[in-house]
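Novice: next come a sequence and a model predicted from it.
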2 protein chains.
Amino acid sequence: MNQDISPRDLRHKIRSGEFTTNTSGYSRGFVQGNLCILPADYANEFLQFCQANPKPCPLIGMASNPGEYHISKLGEDLDIRSDIPSYRVFENGVLQREVSDISDIWREDLVSFVLGCSFSFEEALIDDGLEIRNVTEGVNVPMYRTDMDCNSAGRFSSKMVVSMRPMIPSDAIRAIQICTRFPAVHGAPVHFGDPATIGIRDINNPDFGDAVTIRDNEVPVFWACGVTPQVAVEQARPPLCITHSPGCMLVSDLPNSRLAVM
Amino acid sequence: MNQDISPRDLRHKIRSGEFTTNTSGYSRGFVQGNLCILPADYANEFLQFCQANPKPCPLIGMASNPGEYHISKLGEDLDIRSDIPSYRVFENGVLQREVSDISDIWREDLVSFVLGCSFSFEEALIDDGLEIRNVTEGVNVPMYRTDMDCNSAGRFSSKMVVSMRPMIPSDAIRAIQICTRFPAVHGAPVHFGDPATIGIRDINNPDFGDAVTIRDNEVPVFWACGVTPQVAVEQARPPLCITHSPGCMLVSDLPNSRLAVM
């Protein structure tokens, strides 16, 4: 399929079951988001958790009311129950199954949250001429649990998870400048250099994703990562939680440039 | 004298000979600038050199015509011949003498340039809660010759000189964000980390200024420095060049915040 497909057309192909895989690289230039659906009983606390931790949990859209499956801000015709290629269903914090549609298990008390993801800032960095190692090497970005505490909210708490991209210092400075413009997709890095400073023991052994090459003249640069709220949800053990499957994102009608604050 | 004196009052005291020292810390909140006065024969090439190297040579004002000693953009009543506490007079690139007034040697072919200086961004960083080591330790910022070539223009060429401030990585990220807003005072850092990458052999032995403490958890952060154009002028050996004496700056009426591009 042509990767330049419009977000709306891509969502329709996902909805009809024609597109079932990773959305990375499709509908270039448009925001892709992480999905998290929770029962209303947990929704306000999760919203507070996002509010208190905007770098790992940058909220770019949410349903106005429980039971609502449209988020028109992100796509006029968007149906959150069917427009994602693959969903993960968790019960009491434990993954139960992966499904391609959640219409049959939809409930009137479910609240949908969409969080910004690193695809948007990686695109901005690549467009500026920077190399993103995980893209070059065709692997998932390496991610690590840190010893940095997020701000807790109700039943939600977590250490921050970070993603890492190695860069030479002058590229890292440029990346900090560019990412600062995009607080809705994790914003500026939270750390660079010595991994031990933030509690990472082995940079070559990530907790999630894949290791990438770090050259002698490069420093690891660390961004707050959208896996953080997943860890918080797992620890809160809500009776039901539905997320996207890794890499199978919600593709929105929002141009990436629209997330730039300046 | 009260350090909160207005720039205009301070200039008047300098003009009358009542104030004769370092301007650091005076008229806080207002832009202080580096002065460089050259014969018209050299002025266009120097202007091109500044244009080609905006990070080390950020031009914030210049006289519209040769012989003009007012730069109203920087201060309505400003007289460039008398409003700086101490001037250095160079002939053929060699320092001849320091004087407190240049009215008697003023010529109709002299062109005045004013370049932004690090005082402005240091103030912005301190106001944000960051520590600036050279300020804390009460010494001049350490400066180093690097192996990075500036872009040449006519008779002007130079390796870039950088200033260094040690910071923990998260503070360095914040400093990069803040300084990016201020391209007129050297802008974002040009490097951090390993000094050897930019040709600095001994971080504890600066070429200009004083060494400062670098703690174990800190990295050196390097900014393009206003000493760079001085080196370029020394190498070009113009028959006459007049600059401010180190630390004895032109104090302008421009609020530092006015230099922020966003």
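Specialist: The structure has been received and is ready for your questions.

Novice: C-alpha from now on. contacts and neighbour counts both.
Specialist: Noted.

Novice: what residues does the stretch 151-262 of chain A have near chain B?
Specialist: Proximity of the stretch 151-262 of chain A to chain B, by Cα under 8 Å from any Cα of the partner chain, involves residues A:169-170, A:173, A:176-177, A:180, A:188-193, A:262.

Novice: and with 6 Å instead?
Specialist: A:169, A:170, A:191, A:192 (Cα under 6 Å from any Cα of the partner chain).

Novice: which of those residues count as buried?
Specialist: Buried subset of those (neighbour count, 16 or more other Cα atoms under 10 Å in any protein chain shown): A:169, A:191, A:192.

Novice: surely the second one and residue A:222 touch.
Specialist: Yes: because the distance of 5.2 Å satisfies Cα atoms under 6 Å, residue A:191 is recorded as touching residue A:222.

Novice: circling back: what is the most widely separated pair among the residues of the stretch 151-262 of chain A next to chain B?
Specialist: A:170 and A:191 (15.0 Å; Cα to Cα).

Novice: in chain A, which spans are strands?
Specialist: Here chain A has its strands, by DSSP state E, at A:30-39, A:59-62, A:87-91, A:94-99, A:110-116, A:143-149, A:159-167, A:191-192, A:219-224, A:241-244, A:250-255.

Novice: mind jotting down where the helices sit in chain A?
Specialist: A:7-15, A:40-52, A:118-127, A:133-136, A:169-180, A:227-236 (DSSP state H).

Novice: export these to CSV and tack on distance to residue B:66 and mean pLDDT?
Specialist: Output for these, formatted as CSV (distance: least, Cα to Cα, whole Å; pLDDT from 0 to 100):
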stretch, distance to residue B:66, mean pLDDT
helix A:7-15, 59, 97
helix A:40-52, 57, 97
helix A:118-127, 44, 94
helix A:133-136, 53, 96
helix A:169-180, 38, 98
helix A:227-236, 61, 95
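
Novice: middle-most residue in chain A, spatially?
Specialist: A centroid search over chain A (Cα atoms, centre = their mean) returns residue A:117, at 3.5 Å, as the residue closest to the centre.

Novice: mind checking how far that residue is from residue A:45?
Specialist: Using Cα to Cα, to the nearest Å, residue A:117 is found at 21 Å from residue A:45.

Novice: just residue A:69 next, same as before
Specialist: Residue A:69 is 20 Å from residue A:45, by Cα to Cα.

Novice: these two: which has the busier surroundings?
Specialist: Higher neighbour count among residue A:69 and residue A:45: residue A:69, with 21 against 16, using other Cα atoms under 10 Å in any protein chain shown.

Novice: walk me through the domains of chain A.
Specialist: Domain assignment for chain A, taken from automatic domain parsing, gives A:7-117+A:236-259, A:119-229.

Novice: including distance to residue B:106, could these go into CSV?
Specialist: Below are the domains of chain A laid out as CSV (distance: least, Cα to Cα, whole Å):
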stretch, distance to residue B:106
domain A:7-117+A:236-259, 53
domain A:119-229, 43
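
Novice: show the end-to-end separation of stretch A:245-262, please.
Specialist: Separation of the first and last residues of stretch A:245-262 by Cα to Cα is 32 Å.

Novice: so who does the nearest residue to residue A:86 once chain neighbours are set aside touch?
Specialist: In space, and not counting its chain neighbours, residue A:86 is closest to residue A:100: 4.6 Å by Cα to Cα, 6 or more residues apart in numbering or on different chains. Going by Cα atoms under 6 Å, 6 or more residues apart in numbering or on different chains, residue A:100 touches A:85, A:86, A:87.

Novice: please redo it, this time with the cut-off set to 8 Å
Specialist: Going by Cα atoms under 8 Å, 6 or more residues apart in numbering or on different chains, residue A:100 touches A:17, A:20, A:82, A:84, A:85, A:86, A:87.

Novice: likewise residue A:87?
Specialist: Residue A:87 touches A:98, A:99, A:100, A:101, A:102, A:242, A:243, A:244, A:245, counting by Cα under 8 Å, 6+ apart.

Novice: just the buried ones from those?
Specialist: A:98, A:100, A:101, A:102, A:242, A:243, A:244, A:245.

Novice: farthest-separated two in those?
Specialist: A:102 and A:245 (12.7 Å).

Novice: picking that back up, and the helices of chain A: which comes nearest residue B:64?
Specialist: helix A:169-180 (33.9 Å).

Novice: contacts for that closest one, please.
Specialist: Contacts of helix A:169-180 with the rest of the structure, by Cα under 8 Å, 6+ apart, involve A:121, A:124-125, A:130, A:186-189, A:218-219, A:221, B:173, B:176-177, B:180, B:188-193.

Novice: so is stretch A:121-131 next to chain B?
Specialist: No: judged by Cα under 8 Å from any Cα, stretch A:121-131 stays clear of chain B, getting no closer than 15.8 Å.

Novice: could you give me the buried positions within that stretch?
Specialist: Buried-residue list, stretch A:121-131, by 16+ other Cα under 10 Å: A:121, A:122, A:123, A:124, A:125, A:130, A:131.

Novice: same deal with stretch A:18-27?
Specialist: Within stretch A:18-27, the residues scored as buried using 16+ other Cα under 10 Å are A:19, A:23, A:26, A:27.

Novice: what of stretch A:44-58?
Specialist: A:45, A:46, A:47, A:49, A:50, A:52, A:53, A:54, A:55, A:56, A:57, A:58.

Novice: and these, which is closest to chain B?
Specialist: Within those, the smallest distance to chain B is 13.6 Å, found for residue A:55 (Cα to the nearest Cα).

Novice: quick check, pLDDT for the closest one.
Specialist: pLDDT for residue A:55: 97.

Novice: give the contact list for it.
Specialist: Going by Cα under 8 Å, 6+ apart, residue A:55 touches A:183, A:184, A:185, A:186, A:187, A:224, A:225.

Novice: scan those residues and report the most crowded one.
Specialist: residue A:185 (34 neighbours).

Novice: now that one. Nearest residue, chain neighbours left out?
Specialist: Nearest residue to residue A:185, sequence neighbours excluded (Cα to Cα, 6+ apart): residue A:116, at 4.6 Å.

Novice: look up how far chain B lies from that neighbour.
Specialist: Per Cα to the nearest Cα, to the nearest Å, residue A:116 is found 21 Å from chain B.

Novice: ok, that residue - contacts?
Specialist: Contacts of residue A:116 by Cα under 8 Å, 6+ apart are A:31, A:32, A:33, A:34, A:57, A:58, A:59, A:60, A:184, A:185, A:186, A:226.

Novice: how far off centre is stretch A:207-223?
Specialist: How far stretch A:207-223 lies from its chain's middle: 19 Å, per Cα atoms, centre = their mean, to the nearest Å.

Novice: ok, now stretch A:113-131?
Specialist: So, by Cα atoms, centre = their mean, the centroid of stretch A:113-131 is 11 Å from its chain's centroid.

Novice: same thing with stretch A:11-19?
Specialist: Stretch A:11-19 has its C-alpha centroid displaced from the chain centroid by 21 Å (Cα atoms, centre = their mean).

Novice: now do it: distance from first to last residue.
Specialist: End to end - Cα to Cα - stretch A:11-19 spans 9 Å.

Novice: same check on stretch A:217-236?
Specialist: Across stretch A:217-236, first to last residue, Cα to Cα, it's 41 Å.

Novice: now do stretch A:216-227
Specialist: In stretch A:216-227, first residue to last residue: 28 Å (Cα to Cα).

Novice: how about it: buried residues?
Specialist: A:218, A:219, A:220, A:221, A:222, A:223, A:224, A:225, A:226, A:227.

Novice: residues in contact with that stretch: which ones?
Specialist: A:34, A:55-57, A:115-118, A:143, A:160-169, A:172, A:186-195, A:214.
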